[in-house]
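Undergrad: Here's a sequence, model it:
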Amino acid sequence: MKIRKRLNEEQAKQLNLEIKPKEGNRSPRYTITQVQLDSLVTNSKEKQEKPFVLSAWNEVGYMMDIDEYCEHYKLPRHDIRSYKLVSHTGTPFYNILFKESVEAINEIDYSFINDIVKKHIKPVSSAGVLTEKQLTFDKVVFTDVHVGMTTNGSGNALYSKRWDYEELSFRCYEMCDYIKNRINSNVLVIDDLGDFLDGWNGETTRKGHHLPQNMTNKEMFDHGLQFKISMVDELINFYDEIIINNICNDNHAGDFGYVLNSAFKSIIELKYNNVKVTNHNKFINHYYIGKHCFVISHGKDSHALKFGFKVFLDSKQIEKIDQYLKHNDIYKKSEFIEFSKGDSHQMLFDYCTSDDFDYCNYGAFSPSSEWVQTNFKKGRS
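TA: Residues are numbered from 1 along each chain as shown. Next up, the predicted model:
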């Protein structure tokens, strides 16, 4: 198999390609053998099983600081936005977030790799895989990210916490590192249970009450979208398939959240053919994995429900969930049912109140707002 691309000599040497001389004004040609191709695919699979990292150990066995690390690996230190030393793995390394640079991306032509991938890696279809063939899966749930929320608007908050773009980015990569270190399957399911954005024009989209926010509408959209794209970019090489469920009917983000998630779906499904995104617009929704059914809701809706589902179920709410399960024949189609919700910013998994389903409250991804700190307590993120 022959591939013609504009590669410099150093890139060709890295792939051990045979260099052929120029023909007139044409660029040099490089030939990759089947053996080299098989080796490339094998190495790719090995890297998926064990992610490649740049070790922070120096040659004499000491931990490098970030300046020495960048100098050693020829990384542009001035382009680093933030960094964190990850030392709990077998090989310590720096998790680095670089500043965005379109020019830097366009300097190197990696299209020859895409050609190899397209010809030798079959796209993964998400249709029916989980319901019929998949025996195991990893599942991640996060909720109430509240991008743009102010935690210390007055400057006198009891428990001041940063919640800006840099902290949001850091938490995103921290979450992804946690997932990478606990991989048990080749399929990942991610549920976002709503209130991803804090509001619109300093209010909830329900116009319920004023919210002090530290970002404009545009900044919330840009940073929230970058969060979700970065999350998939970080995890895509570790799973054969990623399935994402976004709740778009909630009391803070509402239609603004749907607009963001719709943009995210269009971008990420075009970018990766093994990522499937479903944006759920009903107050209560559900999906199946084998004999399991996951019923998902934020806990409050975008306009009608004032109080929503409580942390502790009462008889009326048990009946409401029970009627939804009966109406959709979920009892007939599944043996295990979980009702998952956010909103309350409290983590409590109740496996006892109902004999028919588990009731799971998931804690907030964001820290507590200043209002919550003052009216309730510090809370947990």
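Undergrad: Please report how far residue 200 lies from residue 268.
TA: 23 Å (C-beta to C-beta, to the nearest Å). In short, each C-beta sits where N, CA and C put it, glycine included.
Undergrad: Sorry, slip of the keys, the one I care about is residue 70.
TA: 30 Å.
Undergrad: With residue 241 instead?
TA: Residue 241 is 13 Å from residue 268, by C-beta to C-beta.
Undergrad: anything in contact with each of these two?
TA: Counting by C-beta atoms under 8 Å, 6 or more residues apart in numbering, the residues touching both residue 241 and residue 268 are residue 275.
Undergrad: Where do the helices of the stretch 151-300 of the chain begin and end?
TA: Assignment of helices within the stretch 151-300 of the chain using DSSP state H, counting those that start in this stretch yields the ranges 165-180, 217-235, 254-271.
Undergrad: Next, format the ones you listed as a markdown table and append mean neighbour count.
TA: Converted to a markdown table, the helices of the stretch 151-300 of the chain look like this (neighbours: other C-beta atoms under 10 Å):
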| stretch | mean neighbour count |
| --- | --- |
| helix 165-180 | 17 |
| helix 217-235 | 18 |
| helix 254-271 | 18 |
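Undergrad: quick one, which of these is nearest to residue 295?
TA: Judged by C-beta to C-beta, the one of those that comes nearest to residue 295 is helix 254-271, at 19.1 Å.
Undergrad: Point out where the stretch 201-350 of the chain drops to low pLDDT.
TA: 204-209, 303-307 (pLDDT under 70).
Undergrad: Report the contact partners of the residue nearest to residue 200 when sequence neighbours are not counted.
TA: In space, residue 200 comes closest to residue 256 once its chain neighbours are excluded; the distance is 4.9 Å by C-beta to C-beta, 6 or more residues apart in numbering. Neighbour list for residue 256: 197, 199, 200, 205, 217, 220, 221 [criterion: C-beta under 8 Å, 6+ apart].
Undergrad: Equivalent analysis for residue 196, please.
TA: Applying C-beta under 8 Å, 6+ apart, the residues near residue 196 are 145, 146, 147, 224, 246, 253, 257, 260, 261.
Undergrad: Save those as JSON lines, and put in distance to residue 91 too.
TA: Formatted as JSON lines, the contacts of residue 196 follow (distance: C-beta to C-beta, whole Å):
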{"residue": "145", "distance to residue 91": "30"}
{"residue": "146", "distance to residue 91": "35"}
{"residue": "147", "distance to residue 91": "33"}
{"residue": "224", "distance to residue 91": "32"}
{"residue": "246", "distance to residue 91": "34"}
{"residue": "253", "distance to residue 91": "39"}
{"residue": "257", "distance to residue 91": "38"}
{"residue": "260", "distance to residue 91": "36"}
{"residue": "261", "distance to residue 91": "36"}
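Undergrad: and of these, the nearest to residue 172?
TA: Distance to residue 172 across the contacts of residue 196 (C-beta to C-beta) is lowest for residue 145, with 9.4 Å.
Undergrad: gap between that closest one and residue 164?
TA: 13 Å.
Undergrad: Looking at these two, which one has more neighbours?
TA: For residue 145 and residue 164, the more surrounded residue by other C-beta atoms under 10 Å is residue 145, and the numbers stand at 27 against 15.
Undergrad: Name the helix or strand for the more buried one, please.
TA: Using DSSP states H and E, residue 145 is not contained in any helix or strand.
Undergrad: wait, doesn't it sit right on residue 223?
TA: No. Between residue 145 and residue 223 there is no contact under C-beta atoms under 8 Å: 10.3 Å.
Undergrad: Would you mind splitting the protein into its domains for me?
TA: Using automatic domain parsing, the domain parsing of the chain gives 1-52, 53-120, 129-375.
Undergrad: and of those, who's closest to residue 381?
TA: Among the domains of the chain, if distance is taken as C-beta to C-beta, the winner is domain 129-375, at 4.4 Å.
Undergrad: Could you look up the SS state of residue 339?
TA: Following DSSP: H, G, I helix; E, B strand; the rest coil, residue 339 is assigned to strand.
Undergrad: I'd assumed residue 295 was in contact with it.
TA: Yes. Using C-beta under 8 Å, residue 339 is in contact with residue 295, at 4.6 Å.
Undergrad: Which one of those two is surrounded by more residues?
TA: Ranked by neighbour count (other C-beta under 10 Å), residue 339 and residue 295 place residue 339 first, with 26 against 23.
Undergrad: Might you report the residue contacts of that one?
TA: Counted by C-beta under 8 Å, 6+ apart, residue 339 has contacts 295, 297, 321, 357, 358, 359, 360.
Undergrad: Among these, which ones are in helices?
TA: Taking DSSP state H, the ones among the contacts of residue 339 that sit in helices are residue 321.
Undergrad: Top of the contacts of residue 339 by number of neighbours, please.
TA: Sorting those by how many neighbours each has (other C-beta under 10 Å) puts residue 297 first, at 27 neighbours.
Undergrad: list the contacts for that one?
TA: So residue 297 contacts 193, 194, 247, 283, 284, 285, 309, 339, 340, 341 (C-beta under 8 Å, 6+ apart).
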